[in-house]
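**Student:** only geometry, no sequence info:
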């Protein structure tokens, strides 16, 4: 059963068309990975799903509700079902890590400070950082910041977690820690995940299904196994990280 | 050639109007959130740290500005008043200028530089590091959460800092005129008292509320709309100060004209030399 439905969504910024009639059904409790070259609208697609951007054409549905036609108040309430891990974490600099993780709970629940403290500790423990609550985000490494941001994203026990390039800028070991966390969250809280990434190791490890965006349209839709054996040359070049003849020729051009 | 010229003028006019439209939409959203959240304890808990930043941390710069305005006014006016044997009347001009015009305007300009730049840099950095989007995703509106407390702090504290600047300006003028040039204190204060009534003092304070509102609104707007990267934030900070400065100057002219005409209509002409 699909929890999110993207129907014929198109989006342009000025004359630049980023998404062109994209349709996608996302199944509950599964992990969908969105891959594709830079600038093909992967992050734009994520922002449409959570209502940060409105499509020029088409609709996005979450649990049967059309996201792009909700009032600001309804949208704010619906967003509590989402967790979003931003590329650089987007932790609030002026708050401690514990305050960051507790932020959505303070905003949207009537829990006591003691209850919030317990949940914060539990979520920080889930991401393997039980002792950083009193530190500021600036005192953490890039990988630790992403894990705290992930703890914040799961603070409200969301139905869906959106990951925007979760392993970018991390070394392979830290990347694998994030991948294991994504798998752990799916296993333990049966969350639906949408992961935007360039990292094929990460994509094949966490995905139940992979889609590839290219030129604003869906170019591939299948499992990790299917993408490995895809006959499509563009898909294979992306999977293997190989530049095209034209791209190599442009390096030679004077 | 004439067509491309018309096209350019048209495009620029269009862009300028679009920016004004954006800004006034932003102001509308701020006022909507202000009304919706004004009586919430959570809003005021966020206002207090902003008041510390805007108010307490601005005290030294406002103190120095205010005191030196008064002292410089005393130095500049002493020679002229002495040449006509009226140096005892110096207080009227120094203190009137300080409380009515120079004090509020320079205090506001200093605050535009200190607070405006800091607010734009803070919100701009939050913008380019996706912290504003993070707030939206967590169902918290960044205008209600970030702008409203900062706006309230600017509106409440600019007049208080202006009063502080006025007091130090008056003291600075007194020190130079009475203690420095040896003008007798009694006539210095008597002429000041004759020239300045409650209206004049309130005029400066009244204006400063609007100056504070303009600083808060412009600096937050510039932070919210800054371009990407460090250069985008830097440019936004510069624009924030320049736009706040120009707005203060233009507003001051209209306030001066409006309040001057209103005063004359109610009380008639008041001469400092009578």
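**Tutor:** All right, it came through fine. Source: prediction; values computed, not measured. Numbering: from 1, shown residues only, chains lettered A, B, ... in the order given.
**Student:** What are the boundaries of the strands in the stretch 151-254 of chain A?
**Tutor:** Counting by DSSP state E, counting those that start in this stretch, the stretch 151-254 of chain A has these strands, from start to end: A:160-164, A:192-196, A:209-214, A:217-222.
**Student:** For the third one, enumerate its sheet partners and note whether each is parallel or antiparallel.
**Tutor:** When pairing is defined by DSSP bridges, strand A:209-214 lines up against strand A:31-35 (parallel), strand A:217-222 (antiparallel).
**Student:** for the second one, same thing?
**Tutor:** In the sheet containing strand A:192-196, the strands it pairs with under DSSP bridges are strand A:31-35 (parallel), strand A:160-164 (parallel).
**Student:** Turn those strands into CSV, including mean pLDDT.
**Tutor:** Written out in CSV, the entries for the strands paired with strand A:192-196 read as follows (pLDDT from 0 to 100):
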stretch, mean pLDDT
strand A:31-35, 92
strand A:160-164, 92
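**Student:** For residue B:224, which of these is the nearest?
**Tutor:** Residue B:224 sits nearest to strand A:160-164 of all the strands paired with strand A:192-196, at 20.8 Å, using Cβ to Cβ. Yep, even glycine has a C-beta here, placed from its N, CA and C like the rest.
**Student:** In contact with the most centrally placed residue in chain A, which residues?
**Tutor:** Residue closest to the average C-alpha location in chain A (Cα atoms, centre = their mean): residue A:163, at 1.8 Å. Listed by Cβ atoms under 8 Å, 6 or more residues apart in numbering or on different chains, the contact partners of residue A:163 are A:85, A:182, A:193-197.
**Student:** Could you tell me how far residue B:78 is located from residue B:99?
**Tutor:** 19 Å (Cβ to Cβ, to the nearest Å).
**Student:** Once you drop chain neighbours, what's closest to residue B:95?
**Tutor:** Nearest non-adjacent residue to residue B:95, counting by Cβ to Cβ, 6 or more residues apart in numbering or on different chains: residue B:192, 4.5 Å away.
**Student:** is it fair to say that neighbour lies in a helix?
**Tutor:** Yes. Note on residue B:192: a helix contains this position according to DSSP: H, G, I helix; E, B strand; the rest coil.
**Student:** pLDDT wise, what is it at?
**Tutor:** Among the per-residue scores, residue B:192 shows a pLDDT of 89.
**Student:** what separates it from chain A, distance-wise?
**Tutor:** If you measure residue B:192 against chain A using Cβ to the nearest Cβ, to the nearest Å, the figure is 45 Å.
**Student:** what residues are up against residue 33?
**Tutor:** Looking at chain A here, since you left the chain open. A:194-197, A:202-203, A:206-207, A:209-211.
**Student:** Correction: the question concerned chain B.
**Tutor:** B:141, B:143-144, B:147-148.
**Student:** What strand or helix carries it?
**Tutor:** If you go by DSSP states H and E, residue B:33 is part of helix B:2-37.
**Student:** Centre of the chain to whichever helix in chain B runs longest, how far?
**Tutor:** Once chain B is assigned using DSSP state H, the helix that runs over the most residues is helix B:229-267. Centre-to-centre, helix B:229-267 and its host chain are 7 Å apart (Cα atoms, centre = their mean, to the nearest Å).
**Student:** Ok, stretch A:13-27 next?
**Tutor:** 16 Å.
**Student:** Any buried residues in that stretch, and which?
**Tutor:** If you call a residue buried by 16 or more other Cβ atoms under 10 Å in any protein chain shown, then stretch A:13-27 has these buried ones: A:17-20, A:22, A:24, A:26.
**Student:** okay if I get the residues you listed as CSV plus pLDDT?
**Tutor:** CSV is the format used below for these (pLDDT from 0 to 100):
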residue, pLDDT
A:17, 89
A:18, 90
A:19, 91
A:20, 90
A:22, 91
A:24, 91
A:26, 91
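**Student:** Name the residue closest to the centre of chain B, please.
**Tutor:** Using Cα atoms, centre = their mean, the residue of chain B that lies closest to the mean C-alpha position is residue B:108, 2.6 Å off.
**Student:** these two touch, right, that one and residue B:159?
**Tutor:** No. With contacts counted by Cβ atoms under 8 Å, residue B:108 stays clear of residue B:159, the gap being 10.0 Å.
**Student:** The nearest residue to residue B:233 once chain neighbours are set aside and chain A: what is the separation?
**Tutor:** In space, residue B:233 comes closest to residue B:124 once its chain neighbours are excluded; the distance is 4.0 Å by Cβ to Cβ, 6+ apart. The spacing between residue B:124 and chain A, counted by Cβ to the nearest Cβ, is 13 Å.
**Student:** So what touches the lengthiest helix in chain A?
**Tutor:** For chain A, the helix with the greatest residue count under DSSP H is helix A:172-189. Identification of contacts with helix A:172-189 by Cβ under 8 Å, 6+ apart yields A:29-31, A:126-128, A:142-143, A:146-147, A:150, A:154, A:157, A:161, A:163, A:166-167, A:170, A:191, A:193, A:195, A:199, A:201-202, A:205-206.
**Student:** List only buried entries from these.
**Tutor:** Buried, going by 16+ other Cβ under 10 Å: A:30-31, A:126-127, A:143, A:146-147, A:150, A:154, A:161, A:163, A:166-167, A:170, A:191, A:193, A:195, A:199, A:202, A:205-206, out of the contacts of helix A:172-189.
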